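# give me a 3D structure for the following:
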Amino acid sequence: MIRTSTLSKGVAVILLSVLAVAAQSQAPRRPAAPMLTNEDISSPGAAHSLPEESINRTNLSGSPLRNPQAVLESALTKMGEVNSVRTRMQGSLPEGEREIVIESMKPDRMHVISPFVEIIAIGDKLYTKHTAGWEVTAMPAGGAQSQAGFDFRTLMKQMLAKSSVRMTGQILGSQVIDGVDTLAYEFALTEGSDTGTIQVSVGKADGYMRRMSFSRGGVNIRIWFTNINEQFSIEPPM
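Here you go, the predicted structure:
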């Protein structure tokens with residue numbers, strides 16, 4: 001149980017870091033673009049609507065990575081440079097399919113929508129949509145704005161230093177995601193008999209991640225990153 005908990009927490013750090021880095025402080029932007037709505041998200045039972053992009057083998061396919069941790073760190077850290085991104089997360093859990101869409105825009109705006117809740121965070125205000133309508137509260141301590149000093153590399157090093165997690169990696173091949181040519185990597189995390197697999201697809205031209213997935217036991221999480229550095233409209237709903 002201890003080993004499972006350690007690896008699970010480590011993977012949670014990896015996944016949460018991907019969502020958090022987009023909230024790091026940068027110069028403000030005032031975009032004007034269509035807002036995210038319920039039509040942008042599938043129902044829990046329709047989460048398979050996004051296609052699974054095939055990976056084409058190249059002469060580098062199967063090549064082991066000399067330093068897989070550095071490759072994964074670099075891919076995740078690069079996402080900290082984006083000013084805005086739309087993140088679509090789909091999860092296959094024992095309870096069924098789940099999907100969340102998140103729009104993040106620096107320095108302090110975020111819009112989260114799922115079949116169960118909708119949240120808008122702007123500055124120090126948190127807007128939550130209930131059945132009776134929108135409610136505004138103060139951003140709780142440790143909210144999105146506190147992520148300004150977030151450093152995934154430090155968290156990754158701490159995770160590996162405090163556990164017996166081993167990481168290996170290899171190049172899978174080329175993958176076209178949403179029209180972007182990417183290079184796909186696979187990382188295997190092992191702790192005793194507990195194992196997990198992470199796949200990351202990184203844009204060949206700009207170095208930004210376009211897809212990330214994690215599989216462990218009966219849990220499969222897929223994440224797509226789209227509309228990178230495009231303009232969003234995240235405004236107070238009331």
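# which residues of the chain score low on pLDDT?
Where the chain drops to pLDDT under 70, the residues are 1-52, 93-95, 141-163.
# where exactly do the helices run in it?
Using DSSP state H, the helices of the chain run over 2-20, 68-78, 152-161.
# ok, Ser233 to Thr226 distance?
Going from Ser233 to Thr226 by CB to CB, to the nearest Å gives 16 Å. C-betas here are computed from N, CA, C, even on glycine.
# what's the answer for Ser63, then?
Plainly put, Ser63 is 28 Å away from Thr226 if you go by CB to CB.
# from Ser54, how far out is Pro64?
Using CB to CB, we find Pro64 at a distance of 22 Å from Ser54.
# does Asp178 touch Arg210 like I think?
Yes. Applying CB atoms under 8 Å, one finds Asp178 in contact with Arg210, separated by 6.5 Å.
# who has more neighbours, those two?
When neighbours are counted by other CB atoms under 10 Å, Asp178 and Arg210 differ, and Arg210 comes out ahead with 24 against 13.
# wait, what's in contact with the closest residue to the more buried one other than its chain neighbours?
Spatial nearest neighbour of Arg210, excluding adjacent residues (CB to CB, 6 or more residues apart in numbering): Ile177 at 4.2 Å. Ile177 sits next to 53, 201, 210-211, 224 when contact means CB atoms under 8 Å, 6 or more residues apart in numbering.
# now list the buried members of those.
By neighbour count, with 16 or more other CB atoms under 10 Å, the contacts of Ile177 hold 53, 201, 210-211, 224 as buried.
# how much space between the residue lying closest to Lys78 once chain neighbours are set aside and Asn227?
Spatial nearest neighbour of Lys78, chain neighbours left out: Gly207 (4.8 Å); criterion: CB to CB, 6+ apart. Counting by CB to CB, the gap from Gly207 to Asn227 is 17 Å.
# next: His111.
The spacing between His111 and Asn227, counted by CB to CB, is 12 Å.
# who has more neighbours, those two?
Neighbours were tallied for His111 and for Asn227 using other CB under 10 Å; the higher tally belongs to His111 (25 against 15).
# next up, the contacts around that one.
By CB under 8 Å, 6+ apart, the contact list for His111 reads 35-36, 102-103, 118-121, 232, 234.
# do Arg210 as well
Shown here is Arg210, whose contacts under the criterion CB under 8 Å, 6+ apart are 177-178, 180, 182, 201-203, 224-226.
# make it 6 Å
Taking CB atoms under 6 Å, 6 or more residues apart in numbering, we find Arg210 in contact with 177, 180, 182, 201, 203, 225.
# again with Leu60
By CB under 6 Å, 6+ apart, the residues touching Leu60 are Ile171.
# how about Met110: which residues does it bridge to?
Note on Met110: beta-bridge partners by DSSP bridges are Ser104, Ala121.
# where exactly do the strands run in the chain?
84-93, 96-105, 109-113, 118-122, 125-130, 133-138, 166-177, 180-191, 194-203, 209-216, 219-226 (DSSP state E).
# mind checking which of those strands is nearest Pro68?
strand 166-177 (2.9 Å; CB to CB).
# list the beta-bridge partners for His130.
The partner residues for His130, given DSSP bridges, come to Gly133.
# burial count for it?
9.
# now swap in Val176 and tell me
14.
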